[in-house]
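**Student:** Output the structure for:
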Amino acid sequence: MISRATKKRVTVCCTHLKAKKGFEGVRLAQARHALDIIKVKYRQHHHHLSSLSSYIDHIQEEKGERTILAGDFNAGLDESVYMLVP
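**Tutor:** Predicted coordinates for the structure are as follows:
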């Protein structure tokens, strides 16, 4: 979508990860999969950027674009799934 205020692109990604204790590995795999999908979409539009981090730096500094990853992570803040997301 395009921000009305800045006229810059805002990409919103939403997820709902597996719930319940004991499924921490599943949540981590699901988050990795979501980030892989985001990377593929970014590379389709920005072939010259080698990583998601370099893309994020590029859009924030030069273009002013933003990406929001939101949803129900079903995880405590101490779970590794949060370390995976930049």
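**Student:** Low-confidence stretches in the chain?
**Tutor:** Applying pLDDT under 70 to the chain flags the ranges 42-64, 86.
**Student:** let's go with 90 and repeat that
**Tutor:** 1-13, 35-69, 76-77, 81-86 (pLDDT under 90).
**Student:** all helices of it, in order?
**Tutor:** 24-45, 52-58, 81-84 (DSSP state H).
**Student:** Buried residues, the first one. List them.
**Tutor:** By neighbour count with 16 or more other CB atoms under 10 Å, helix 24-45 contains the buried residues 24, 27-28, 30-31, 34-35, 38, 42. For the C-beta atoms, the positions are set from N, CA and C on the backbone; glycine is no exception.
**Student:** I'd like to know how far the closest residue to C14 other than its chain neighbours sits from K18.
**Tutor:** Ranked by CB to CB, 6 or more residues apart in numbering and with sequence neighbours excluded, the top spatial neighbour of C14 is G71, at 4.6 Å. Per CB to CB, to the nearest Å, G71 is found 12 Å from K18.
**Student:** Pull up the overlap in contacts between those two.
**Tutor:** The overlap between the contact sets of G71 and K18 (CB atoms under 8 Å, 6 or more residues apart in numbering) is empty.
**Student:** For the residue most central in space within the chain, list the residues it contacts.
**Tutor:** For the chain, L69 is the residue whose C-alpha lies nearest the centre (CA atoms, centre = their mean; 4.6 Å). By CB under 8 Å, 6+ apart, the contact list for L69 reads 13, 15, 34, 38, 85.
**Student:** Try it again at 10 Å.
**Tutor:** 11-15, 31, 34-35, 38, 85-86 (CB atoms under 10 Å, 6 or more residues apart in numbering).
**Student:** Could you do I2 as well?
**Tutor:** The neighbours of I2, taking CB under 10 Å, 6+ apart as the test, are 8-10, 65.
**Student:** buried subset of the residues you listed?
**Tutor:** Buried, going by 16+ other CB under 10 Å: E65, out of those.
**Student:** Dump the contacts of I2 to a markdown table, plus distance to L77.
**Tutor:** As requested, these are exported to a markdown table (distance: CB to CB, whole Å):
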| residue | distance to L77 |
| --- | --- |
| K8 | 30 |
| R9 | 29 |
| V10 | 25 |
| E65 | 27 |
